[in-house]
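Q: Quick one, structure for this:
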Amino acid sequence: MSDERMPQPGDHPGPGATPHHPHKRPAFEPAERLLRRPEHDPGMRRPASTVAGAVLVLLRAAAGLLVIAGLAVQWPAILADPDVDLALDGVSEAEAGQWALWVIVAVGGLIVVLDIAFAAFVLRGSNVARVAVMLISTVSISTTFVGWWAQGQEIHVDETFVSLALDILVLLALSSRSAAAYARRNEQR
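A: Residues are numbered from 1 along each chain as shown. Here you go, the predicted model:
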């Protein structure tokens, strides 16, 4: 199907159509239309998809904080498990457990801070941040899938489901045409 035969936004509705309903986009669009760069528009208003994407990244950061807090609270029970062995040369098991907790909290905290920074940059319209957030979400979703497929890990509502759902929603929001156009609004052709 050629691009000329596709209905354009300014076309008038056909007979029997109400003039108040806009044309729907066709189910199939040529690649050239999908890959067409957005117009240069520095004055473009921030779309709802960009705001939703930034809010979802902030929710992902909040979920990360909850996971870190839950891990810190459950840490003594985790160390009490007979399968956990934190033996280091010259360091007692209690000290090794404490160091391991601090490393986990520091790395998790850094990830939360990066998520907050990415959310701020996405909200400001940074295309690099938008793409980075989508890549991180893709890696997270893929990791969850590989864990389920290859290792038989179950996806529970109280553990992995929330982060998986947030990652999927972030991808949907930030991969929209309006979010991409807003992030690329200052690019010249």
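Q: Show me where this structure has its helices.
A: For the chain, applying DSSP state H gives helices covering 31-34, 48-80, 93-124, 127-151, 162-174, 177-183.
Q: which stretch in these is the model least sure about?
A: Lowest mean pLDDT within these: helix 31-34, at a mean of 69.
Q: mind checking how far the spatially most central residue of the chain is from R45?
A: Nearest to the geometric centre of the chain sits V170, at 3.6 Å (CA atoms, centre = their mean). To R45, V170 is 21 Å away according to CB to CB, to the nearest Å. In this view, the C-beta of every residue, glycine as well, is placed from N, C-alpha and C.
Q: Then V112?
A: 29 Å.
Q: same check, this time on I136
A: Taking CB to CB, one finds I136 at 26 Å from R45.
Q: Looking at those two now, which is surrounded by more residues?
A: I136 (18 against 10; other CB atoms under 10 Å).
Q: Now do the contacts for that one.
A: Counting by CB atoms under 8 Å, 6 or more residues apart in numbering, I136 makes contact with F118.
Q: let's see it at 10 Å
A: Residues near I136 by CB atoms under 10 Å, 6 or more residues apart in numbering: 57, 60, 111, 114-115, 118, 167, 170.
Q: Of the residues you listed, grab the buried ones for PyMOL.
A: In PyMOL syntax, the buried subset of the contacts of I136 is picked out as below (16 or more other CB atoms under 10 Å):
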select buried, resi 57+60+114+115+118+167+170
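Q: need the contacts of I136 in JSON lines with distance to V103, can you?
A: Converted to JSON lines, the contacts of I136 look like this (distance: CB to CB, whole Å):
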{"residue": "V57", "distance to V103": "24"}
{"residue": "R60", "distance to V103": "21"}
{"residue": "I111", "distance to V103": "13"}
{"residue": "L114", "distance to V103": "17"}
{"residue": "D115", "distance to V103": "19"}
{"residue": "F118", "distance to V103": "23"}
{"residue": "D167", "distance to V103": "24"}
{"residue": "V170", "distance to V103": "27"}
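Q: Of the contacts of I136, which is the nearest to S178?
A: Set against S178, the nearest of the contacts of I136 by CB to CB is V170 (14.9 Å).
Q: My read is that T50 contacts R124, right?
A: Yes: in this structure, T50 is within contact of R124 by CB atoms under 10 Å, at 9.4 Å.
Q: Measure how far stretch 49-65 is from the centre of its chain, please.
A: Centroid separation for stretch 49-65 versus its chain: 8 Å, with CA atoms, centre = their mean, to the nearest Å.
Q: er, stretch 48-66 actually
A: 8 Å.
Q: As PDB, could you dump the C-alpha coordinates of it?
A: Output in PDB follows, covering the C-alpha atoms of stretch 48-66 (Å, rounded to 0.1, in the frame of the first residue of the first chain):
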ATOM      1  CA  ALA A  48       1.100  12.900  28.800                       C
ATOM      2  CA  SER A  49       3.100   9.900  27.700                       C
ATOM      3  CA  THR A  50       6.400  11.600  28.800                       C
ATOM      4  CA  VAL A  51       4.900  12.500  32.100                       C
ATOM      5  CA  ALA A  52       3.500   9.000  32.600                       C
ATOM      6  CA  GLY A  53       6.900   7.500  31.700                       C
ATOM      7  CA  ALA A  54       8.700   9.700  34.200                       C
ATOM      8  CA  VAL A  55       6.200   9.000  36.900                       C
ATOM      9  CA  LEU A  56       6.500   5.200  36.300                       C
ATOM     10  CA  VAL A  57      10.300   5.500  36.500                       C
ATOM     11  CA  LEU A  58       9.800   7.300  39.900                       C
ATOM     12  CA  LEU A  59       7.500   4.500  41.000                       C
ATOM     13  CA  ARG A  60      10.200   2.000  39.900                       C
ATOM     14  CA  ALA A  61      12.600   3.900  42.100                       C
ATOM     15  CA  ALA A  62      10.100   3.800  45.000                       C
ATOM     16  CA  ALA A  63       9.700   0.000  44.500                       C
ATOM     17  CA  GLY A  64      13.500  -0.300  44.600                       C
ATOM     18  CA  LEU A  65      13.600   1.500  48.000                       C
ATOM     19  CA  LEU A  66      10.900  -0.800  49.300                       C
END
